[in-house]
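**Q** using only what follows, build the 3D model:
(chains A and B)
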2 protein chains.
Amino acid sequence: MSKTSSIEQKLQSRAQEVERLLDQLLSADLRSDEIARPERLRAAMRHGVLNGGKRLRPFLVMESASLFGAESGPALRVAAALECVHCYSLVHDDLPAMDDDDMRRGQPTVHKAFDEATGILAGDSLLTYAFDILAASETDLPASIKVDVILALARASGLGGMAGGQMLDLEAEKKSPDEEGIRTLQAMKTGALIRFAAEAGAILAGALKEDRDRLRRFGEKIGLAFQLADDLLDLTADPETMGKATGKDAARGKGTLVSLHGEAWARDALQRLVAESEDLLAPFGEKAETLLQAARFVAERKN
Amino acid sequence: MSKTSSIEQKLQSRAQEVERLLDQLLSADLRSDEIARPERLRAAMRHGVLNGGKRLRPFLVMESASLFGAESGPALRVAAALECVHCYSLVHDDLPAMDDDDMRRGQPTVHKAFDEATGILAGDSLLTYAFDILAASETDLPASIKVDVILALARASGLGGMAGGQMLDLEAEKKSPDEEGIRTLQAMKTGALIRFAAEAGAILAGALKEDRDRLRRFGEKIGLAFQLADDLLDLTADPETMGKATGKDAARGKGTLVSLHGEAWARDALQRLVAESEDLLAPFGEKAETLLQAARFVAERKN
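**A** Residues are numbered from 1 along each chain as shown, chains lettered A, B, ... in the order given. Just a heads-up that it's a prediction; the model follows:
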């Protein structure tokens, strides 16, 4: 992929890599210690994960790994594991007891295409599989790095990260959190996984703590930008462009930073986040250009 | 705990140890990288895991670790992680879309005590936390052993293990599997975690492959015995003794080995499994006595 390729081309190319690997990981072939791969569950997992997403999180893992000169093979497996976690969260968030969504990326959600019980199990199994992928011998990393990655992903995903954020989001419908509450909710619900993605390359390469911190803070900026752009789109985009229902947050009276401060503020904030990202990655020079393209892409995204 | 203590006393003592640790792990204290621990989610996780279970799986981990002279501190953390996985599976299995159970161990199930969305998230978070506990620096094990344990637990829990078994179990209501189908289902749904529990001590101690295999096969025997005893109890026990609804499998027309071959066959089979367990652990002599007591306890259990 040449340096002058558009960010869309780069994203697409990485997305294809990660999808090829996910397709292979979710084939019918039994791995050691597996007793059987029940067909219906495997099909539901595939439906939940092989659905043409943009694969932003895997992209950040791969580009952050590349920034530090980490090998791309193991980075791709970490990217695939992370995407399993992200997709499990979508499958569960779409359930009737949660956001009750019928469509995602223009396709029926897993519990619609299968049934609710299968949706729950497919999410559970994708989450479990993420840790399987990271620990498996095919992931060619020193054991100590694997443990660091597993811990970081677990922390980003669980009670103190994404799942906790989803809990706060459900409560927000009744509790109307203030600005600080909204920021915590968003840092957990969407921010934690994106921060992990940006940081992952530094972990994989065993980078210096200072560099790891830079990537981590860069990840926080992208996470915020992602959420602001999402909240803007939820207000303004039509469902067809998004491939899912829109305007739902507003309809439920859920506060966002956009509803609190307005669209003009949000567009300014997005520009500030891009500028701060550029400052953070300045020490890496040219090498960080693709990551910065990604930050701009996130801040400007239209769907 | 003296050698002559009853197995009930030994189980209770180990259960207290693991509960103390789980209580501490699920305190309000933030771990590094956690953004917040939302109170409602933490309470639901505690409800799902601190519920006075017998802690058979943790017991097997601890005793198998002790058999190989592995340190008890790390073994206790592995036991707690495994119990998080077991309890997550109960929380999700109890959901309306799955077995739709209101009571478990005489208490309201998590989705009854809280709500369905919180039940889903509490299960998700317990599953995620299991891998957090294993990877955390407090689990004082070499990284390579951590990775082995994480992989073994993930394989036992996911698509090719427990979650896959739950999928087969849901399908069994319509498909009426034959004996081989029932055995596969049970080896996955209940067998895989119990096998992992018995094998875990050997993994922790870095035991010889031959010894690890013995414990693994012993775990398979206990898993089968557990399921047979469970199926017998489902036919014969009253709900009050069990603290949950009984007779549900029969009411749904779900086949079990007991419904296929009858009670007398099942009681014989349980005796055979105990004898085979004794043969498998014979090379360990006296040291394996507590594990064999556990096997007998499982085969004879009344609730």
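
**Q** any idea how far A:A269 is from chain B?
**A** From A:A269 over to chain B the distance is 20 Å, taken as C-beta to the nearest C-beta, to the nearest Å. Where C-beta positions appear, they are placed from N, C-alpha and C, glycine not excepted.

**Q** how about the backbone phi and psi for the residue nearest to the spatial centre of chain A?
**A** Centroid check for chain A by C-alpha atoms, centre = their mean gives A:R57 as the closest residue, at 4.4 Å. Here is the backbone geometry of A:R57 (degrees, to the nearest 10): phi -60, psi -50.

**Q** what sits against it?
**A** Contacts for A:R57 were tallied using C-beta atoms under 8 Å, 6 or more residues apart in numbering or on different chains; they are A:79, A:82-83, A:86, A:193-194, A:197.

**Q** does whichever residue of the stretch 51-200 of chain A sits closest to chain B count as helix, strand or coil?
**A** In the stretch 51-200 of chain A, the residue that lies nearest chain B is A:G160 (2.6 Å; C-beta to the nearest C-beta). What DSSP: H, G, I helix; E, B strand; the rest coil gives for A:G160 is coil.

**Q** so what's the residue count around it?
**A** Using other C-beta atoms under 10 Å in any protein chain shown, A:G160 has 28 other residues around it.

**Q** how about it: what's its closest non-neighbour residue?
**A** B:E34 (2.6 Å; C-beta to C-beta, 6 or more residues apart in numbering or on different chains).

**Q** isn't the one you found up against A:M162?
**A** No. Between B:E34 and A:M162 there is no contact under C-beta atoms under 8 Å: 11.3 Å.

**Q** strands of chain A, start to end?
**A** With DSSP state E, the ranges of strands along chain A come out as A:103-104, A:107-108.

**Q** any low-confidence regions in the stretch 51-200 of chain A?
**A** Residue ranges of the stretch 51-200 of chain A with pLDDT under 70: none are present.

**Q** can you give me the helices in it?
**A** Residue ranges of the helices in the stretch 51-200 of chain A, as given by DSSP state H, counting those that start in this stretch, are A:56-67, A:72-93, A:110-113, A:116-135, A:143-157, A:162-175, A:179-186, A:192-204.

**Q** tally of neighbours for the residue in the stretch 1-150 of chain A that chain B sits nearest to?
**A** Nearest residue of the stretch 1-150 of chain A to chain B: A:E34, at 2.6 Å (C-beta to the nearest C-beta). Neighbours of A:E34 under the rule other C-beta under 10 Å: 18.

**Q** residues in contact with it?
**A** A:E34 neighbours (C-beta under 8 Å, 6+ apart): B:155, B:159-161, B:164.

**Q** and stretch A:223-239, what's its mean pLDDT?
**A** Taken as a whole, stretch A:223-239 has an average pLDDT of 88.

**Q** can you pull the contacts of A:F114?
**A** When contacts are counted by C-beta under 8 Å, 6+ apart, A:F114 touches A:40, A:43-44, A:47, A:122.

**Q** excluding chain neighbours, what is closest to the residue of chain A positioned farthest from its centre?
**A** Here chain A reaches farthest from its C-alpha mean at A:I35, the gap being 30.3 Å by C-alpha atoms, centre = their mean. With sequence-adjacent residues excluded and distances taken as C-beta to C-beta, 6+ apart, A:I35 is closest to B:M188, at 5.0 Å.

**Q** if I pick the one you found, what's in contact with it?
**A** Applying C-beta under 8 Å, 6+ apart, we find B:M188 in contact with A:35-36, B:160-162, B:164-165, B:168.

**Q** could you pick out the buried ones from those?
**A** The neighbour-count test (16 or more other C-beta atoms under 10 Å in any protein chain shown) marks A:35-36, B:160-162, B:164-165, B:168 as buried among the contacts of B:M188.

**Q** can you narrow the contacts of A:F114 down to the ones near chain B?
**A** Filtering the contacts of A:F114 for neighbours of chain B using C-beta under 8 Å from any C-beta of the partner chain leaves A:R40.

**Q** among the contacts of A:F114, which lie within helices?
**A** Of the contacts of A:F114, the ones assigned to helices by DSSP state H are A:40, A:43-44, A:47, A:122.

**Q** for these, which one is nearest B:L235?
**A** Ranked by distance to B:L235 (C-beta to C-beta), the ones in helices among the contacts of A:F114 are led by A:R40 at 28.1 Å.

**Q** would you check that that closest one makes contact with B:D169?
**A** No. The pair A:R40 / B:D169 is not scored as a contact, 11.8 Å apart, by C-beta under 8 Å.

**Q** these two: which is more packed in?
**A** Shown here are A:R40 and B:D169; by other C-beta under 10 Å, B:D169 has more neighbours (23 against 17).
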